[in-house]
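J.: I would like to see how this sequence folds:
(2 chains)
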Amino acid sequence: MLEARQLECTRGDRRLFSNLSFKLDRGQLLRLAGANGSGKTSLLRIMCGLVLPSAGELFWDGRPIRADREEYSRNLLFIGHLNALKDDLTALENLQCAAALSGMPADAGSALAALDRFGIAHCAELPAKVLSQGQRRRAALARLVLSPAVPLWILDEPFSALDVGAVVELERMLASHLASGGMVVLTTHQEVQVVAHAILRVDLDLHTTALRAA
Amino acid sequence: MIRALGWVLRRDLLLAFRRRGDVVNALVFFVIVVSLFPLGVGPEASQLRNMAPGVLWVAALLACMLSLARLYAPDHQDGTLEQMLLAGEPLVVLVMGKVLAHWLMSGLPLVLIAPLLGLQFDLPGDALAVLCLSLLIGTPVLSLIGAVGAALTLGVRGSGVLVALLVLPLYVPVLIFGAGSVGAVATGTGAEAHLMLLGGFLALALVLAPWASAAALRIAME
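T.: Predicted structure coming up:
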């Protein structure tokens, strides 16, 4: 379970948000809303432990996430707005490297199956630099297929650059992850059609948190 | 843990193989700089023998520094560095993998080609052997210290100059004892003391540099 207590984030002399508290349980989806520049990405990076909040603390299963950074990192998968693809490696090599580094080595077969799930198996042997924006996004998201056992998925604008088919596939994957007791945090500007036990919504413009039971 | 190091090493070597030009660049720089000296100074053998250790070591140091800019910056740009920080493995281990890959691509080729270039300076056989040995011990220190500088200047504008300013003072002892070891063979005092000190630097850098580099990376990502 992920719990935020009294988080505050300042960039320069601007306070992006303060007094932000929420709890995320297994099977719940947290959607961050807010205008551009309201601090969504900053909050995601704080939740990953990449950035320290200027005040407040995050707890994973009751322990501060800073207490054991590696242990917390093993419980989360972060896909940022950068796709983390190496231009000179093929989509398959990129996926295998990323999976191995996050502690879940995948053989070529299962990595290929993951790419196929997002419909880019035919590009598996192409260097990432020749892929289109949408295909690069799909290649990055294919990591989700290999990481069902990682409880917490933190996704920054996962739907950007995806076409309708890929959006549906991603929504299906999020739903099955939530159904199996996973947690998802995401930012998006479009409405998500994910069947979840509960959808939590944090609006950084209004500083409100609302729980909507599905 | 070792497996994660292996993956980082494998990935960086594969990337270097795909971008062979970058590796060859540093090597060509080294060869050109060293080869120009005999032409510029003139063919007097004793003079060349005297200056050989210094020239070869300075050129190796500069060649190593040239490639530092590419150690973390590409990973920073495409987001893979972020993923390394979240890998669930100690960052120090991954940094070691990257430094090892950097040395294999920028240090080891210099070590291998140095004896050939030493011949241009009329170095005797025993001096060539010590030259190789001193570079073999010294260039990993250059990579390790350089990694700290590269991490500290990550994402800073004009980082190339800044790296040089940060790293060069720390390179100076390595340069003095590296070049000194070859000079010591020529004067007949023996190179053991110099090489042992170089080994000491290597041990110290191995213990401290990866931690410093990892800490600097965490700060740079904030």
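J.: what's in contact with the helix ranked longest in chain A?
T.: For chain A, the longest helix by residue count, based on DSSP state H, is helix A:164-179. By Cβ atoms under 8 Å, 6 or more residues apart in numbering or on different chains, the residues outside helix A:164-179 that reach it are A:27-29, A:117-119, A:134, A:137-138, A:141, A:144-145, A:148, A:153, A:158-159, A:162, A:184, A:186, A:192-197. C-betas here are computed from N, CA, C, even on glycine.
J.: Now the one helix or strand residue A:139 maps to: average pLDDT?
T.: Using DSSP states H and E, residue A:139 sits in helix A:133-146. For helix A:133-146, mean pLDDT rounds to 92.
J.: Run the chain-centre distance for the helix or strand following that helix.
T.: Next helix or strand after helix A:133-146 toward the C-terminus (DSSP H and E): strand A:152-156. Strand A:152-156 sits 2 Å away from the centroid of its parent chain (Cα atoms, centre = their mean, to the nearest Å).
J.: Show me what strand A:152-156 packs onto, helices and strands only.
T.: helix A:40-48, strand A:76-79, strand A:183-187 (3 or more Cβ pairs under 8 Å, 6 or more residues apart in numbering or on different chains; DSSP states H and E).
J.: Adding mean pLDDT, distance to residue A:2 and mean neighbour count, write those out as JSON lines.
T.: JSON lines is the format used below for the helices and strands packed on strand A:152-156 (pLDDT from 0 to 100; distance: least, Cβ to Cβ, whole Å; neighbours: other Cβ atoms under 10 Å in any protein chain shown):
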{"stretch": "helix A:40-48", "mean pLDDT": "91", "distance to residue A:2": "7", "mean neighbour count": "22"}
{"stretch": "strand A:76-79", "mean pLDDT": "93", "distance to residue A:2": "9", "mean neighbour count": "24"}
{"stretch": "strand A:183-187", "mean pLDDT": "91", "distance to residue A:2": "7", "mean neighbour count": "24"}
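J.: possible to save the ones you listed as TSV with distance to residue A:128?
T.: Formatted as TSV, the helices and strands packed on strand A:152-156 follow (distance: least, Cβ to Cβ, whole Å):
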stretch	distance to residue A:128
helix A:40-48	22
strand A:76-79	15
strand A:183-187	23
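J.: related to what we said a few turns ago, show me which of the contacts of helix A:164-179 are buried.
T.: A:27-29, A:117-118, A:137-138, A:141, A:144-145, A:153, A:158-159, A:162, A:184, A:186, A:192, A:194, A:196 (16 or more other Cβ atoms under 10 Å in any protein chain shown).
J.: State the pLDDT value of whatever residue of chain A ends up closest to chain B.
T.: Across chain A, no residue is closer to chain B than residue A:82, which sits at 2.9 Å (Cβ to the nearest Cβ). Note on residue A:82: pLDDT of 90.
J.: from what I can see it touches residue B:75, true?
T.: No. If you go by Cβ atoms under 8 Å, residue A:82 and residue B:75 don't touch, sitting 10.6 Å apart.
J.: Please see if the helix or strand hosting residue B:129 touches chain A.
T.: Counting by DSSP H and E, the element that carries residue B:129 is helix B:125-152. No. Helix B:125-152 does not reach chain A (Cβ under 8 Å from any Cβ of the partner chain); its nearest approach is 15.1 Å.
J.: Can you name every helix or strand that that helix contacts?
T.: helix B:45-66, helix B:69-78, helix B:91-106, helix B:108-120, helix B:159-187, helix B:192-221.
J.: For residue A:181, see how far away the residue in chain B that chain A sits nearest to is.
T.: Closest contact between chain B and chain A, by Cβ to the nearest Cβ, is at residue B:79 (2.9 Å). Distance, residue B:79 to residue A:181, using Cβ to Cβ, to the nearest Å: 28 Å.
J.: So for those two, which residue has more residues nearby?
T.: Set side by side, residue B:79 and residue A:181 show more neighbours around residue B:79, with 19 against 11, by other Cβ atoms under 10 Å in any protein chain shown.
J.: The more buried one touches residue A:87, doesn't it?
T.: No. Contact criterion Cβ under 8 Å: residue B:79 and residue A:87 do not qualify, at 11.7 Å.
J.: Run through the residues of chain B sitting next to chain A.
T.: B:3-4, B:7-8, B:10-11, B:14-15, B:18-19, B:78-80, B:82-90, B:94, B:221-222.
J.: From those residues, list the buried ones, please.
T.: Here, 16+ other Cβ under 10 Å leaves B:4, B:7-8, B:10-11, B:14-15, B:18-19, B:78-80, B:82-90, B:94, B:221 buried among these.
J.: coming back round to it: not counting residues beside it along the chain, what's closest to the residue of chain A closest to chain B?
T.: residue B:79 (2.9 Å; Cβ to Cβ, 6 or more residues apart in numbering or on different chains).
J.: give the contact list for the one you found.
T.: With contact taken as Cβ under 8 Å, 6+ apart, residue B:79 is in contact with A:80, A:82, A:83, A:84.
J.: Determine the number of other residues adjacent to the first one.
T.: Going back to what we said before, that points to residue A:80. 20.
J.: For residue A:140, see how far away it is.
T.: If you measure residue A:80 against residue A:140 using Cβ to Cβ, the figure is 9 Å.
J.: ok, residue 120 - how many residues close by?
T.: I'll assume chain A. 24.
J.: that answer is for a different chain, and I need it for chain B
T.: Residue B:120 has 16 nearby residues by other Cβ under 10 Å.
J.: Quick check, it in contact with residue B:36.
T.: No. Using Cβ under 8 Å, residue B:120 makes no contact with residue B:36, being 10.3 Å away.
J.: give me phi/psi at residue A:124?
T.: Here is the backbone geometry of residue A:124 (degrees, to the nearest 10): phi -60, psi -30.
J.: dump the residue contacts of it.
T.: A:90, A:91, A:92, A:112, A:115.
J.: tell me the two of these that are most distant?
T.: A:90 and A:112 (11.0 Å; Cβ to Cβ).
J.: hang on, the earlier thing: now find how far off-centre the longest helix of chain A is within its chain.
T.: With Cα atoms, centre = their mean as the basis, the mean position of helix A:164-179 lies at 13 Å from the chain mean.
J.: could you check the angle strand A:152-156 makes with it?
T.: Helix A:164-179 and strand A:152-156 are oriented at 150 degrees to each other (axes from the mean of the first three to the mean of the last three Cα atoms, to 10 degrees).
J.: which of the residues in helix A:164-179 are buried?
T.: Buried residues in helix A:164-179, counted by 16+ other Cβ under 10 Å: A:166, A:169, A:170, A:171, A:173, A:174, A:175, A:177, A:178.
J.: Equivalent analysis for stretch B:41-58, please.
T.: Buried residues in stretch B:41-58, counted by 16+ other Cβ under 10 Å: B:48, B:49, B:52, B:53, B:54, B:55, B:56, B:57, B:58.
J.: quick one: average pLDDT of that stretch?
T.: The model assigns stretch B:41-58 a mean pLDDT of 91.
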